[in-house]
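Participant: Need a 3D model of the following:
(chains A, B, C and D)
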2 protein chains.
Amino acid sequence: MEPLVDRLRNRGWRLTAQRRVIAESMGGEHVHVTADEVFERSRAILPEVSRATVYNTLNELVGMGELHEMSHADGRKRYDPNVEERHHHLVCVGCGRMLDVQADDPRLPDEQRHGFELVDVEVTFRARCPDCAHVGAPAT
Amino acid sequence: MEPLVDRLRNRGWRLTAQRRVIAESMGGEHVHVTADEVFERSRAILPEVSRATVYNTLNELVGMGELHEMSHADGRKRYDPNVEERHHHLVCVGCGRMLDVQADDPRLPDEQRHGFELVDVEVTFRARCPDCAHVGAPAT
DNA sequence: AGCCCAACCTAGAACAGTTCCAAGGGTAGG
DNA sequence: CCTACCCTTGGAACTGTTCTAGGTTGGGCT
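Facilitator: So this is what the prediction gives:
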């Protein structure tokens, strides 16, 4: 599949320096970053990028379906560049790090559907990442 | 099982009027409310309840394990009083209504664990509820 | 019953994340 | 080179949540 920036260009999106930097900051990796992390990474490359542009661009990408947005217990949204491949998530309960994983979709028995039409299933595995496990049991 | 307020009293929790009202506002029903809805409902019964007390009380209940907290796409946390019975959620993509459902936990293959220690699995079935299905396709 | 003190509650200020806004800037087409 | 128009910017505004300082109260003790 062609890279994100190419797809964007093909859609007639005006590809400015800021937008390119932001799109590239998302990385192809399956790590899900917060808007603020995108802002930091982008600024490391192009120091004049503004926070507003990061938010604008992320929201546009989400609207185009090039990015998935997901909420997180800490209140910050995370952005997921992996929209091609169906996947679920593994989230560290300590630091909030979020990775893509493959797992079977659970099924919802008919008698549990309450008349709803299913659209999608999201699975989140909550876990402790190696770094957070090392710190020992959390106080409390 | 004994009701929430009794369990709280048995833990030596000081049961003030405010706390009782807040705990009761959560209802025993399988409906998941936001902090602000709890605030509104509580205030309908005891008008002097403050927002801070609602937040404090909800957080204490979560800390005690008497309530589950869950984030939602709109940025507001929801609180789930059903902690006895393991369950997952069915969420309407139209109106945000959230119900409890029973479904098997999916398993995460070893090679997908990235060294994390699993703690829990959350499943969210996204769907359209009967009411929202009737309204026809949403405008974009 | 009345006292006392830690635990509670309140209103409002402070915060964090996100969105909005008015003004300035860059770029493609003419 | 000019002109439009879209993009970007910094800061103000908003929303949900937490913190703070000071007043209030439940309940053990006398």
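Participant: residue boundaries of the strands in chain A?
Facilitator: Counting by DSSP state E, the segments of chain A that form strands are A:33-34, A:68-70, A:78-80, A:88-92, A:98-101, A:117-128.
Participant: Low-confidence regions, chain A specifically.
Facilitator: With pLDDT under 70 as the threshold, chain A has low-confidence stretches at A:1-2, A:28-29, A:135-140.
Participant: what does it put close to DNA strand C?
Facilitator: A:Thr16, A:Ala17, A:Thr34, A:Ala35, A:Asp36, A:Arg51, A:Ala52, A:Tyr55, A:Asn59, A:Gly75, A:Arg76, A:Lys77 (CB under 7 Å from any atom of the strand). (Glycine included, C-beta is placed from N, CA and C.)
Participant: What segments of chain A are helices?
Facilitator: Along chain A, counting by DSSP state H, helices occupy A:4-10, A:17-25, A:35-45, A:51-64, A:130-134.
Participant: The first one and DNA strand D in contact?
Facilitator: Just to be clear, that refers to helix A:4-10. No. In this structure, helix A:4-10 remains apart from DNA strand D according to CB under 7 Å from any atom of the strand; the gap is never smaller than 10.2 Å.
Participant: For that helix, list every residue counted as buried.
Facilitator: Burial within helix A:4-10, assessed by neighbour count using 16 or more other CB atoms under 10 Å in any protein chain shown, is assigned to A:Leu4, A:Leu8.
Participant: now it, how far from the centre of its chain.
Facilitator: In terms of CA atoms, centre = their mean, to the nearest Å, the centre of helix A:4-10 is set 19 Å apart from its chain centre.
Participant: what sits up against that helix?
Facilitator: Helix A:4-10 is contacted from outside by A:Glu2, A:Leu15, A:Arg19, A:Arg20, A:Ala23, A:Glu24, A:Met26, A:Met64, A:Glu66, A:Pro81, using CB atoms under 8 Å, 6 or more residues apart in numbering or on different chains.
Participant: let's go with 7 Å and repeat that
Facilitator: Counting by CB atoms under 7 Å, 6 or more residues apart in numbering or on different chains, the neighbours of helix A:4-10 from elsewhere in the structure are A:Leu15, A:Arg20, A:Ala23, A:Glu66, A:Pro81.
Participant: Over to the shortest one?
Facilitator: Here helix A:130-134 makes contact (CB under 7 Å, 6+ apart) with A:Cys92, A:Gly94, A:Cys95, B:Gly115, B:Glu117.
Participant: give me the number of residues near the second one?
Facilitator: Think A:Gly94. Neighbour count of A:Gly94, defined by other CB atoms under 10 Å in any protein chain shown: 16.
Participant: A:Val119 reaches B:Arg128, doesn't it?
Facilitator: Yes. With contact taken as CB atoms under 7 Å, A:Val119 and B:Arg128 are classed as touching, separated by 6.3 Å.
Participant: Need the residues touching each of these two.
Facilitator: Each of B:Val93 lies in contact with both A:Val119 and B:Arg128 under the rule CB under 7 Å, 6+ apart.
Participant: Near DNA strand D, which residues of chain A are found?
Facilitator: Counting by CB under 7 Å from any atom of the strand, chain A sits next to DNA strand D at A:13-14, A:16-19, A:48-53, A:56-57, A:75.
Participant: Much appreciated, bye for now.
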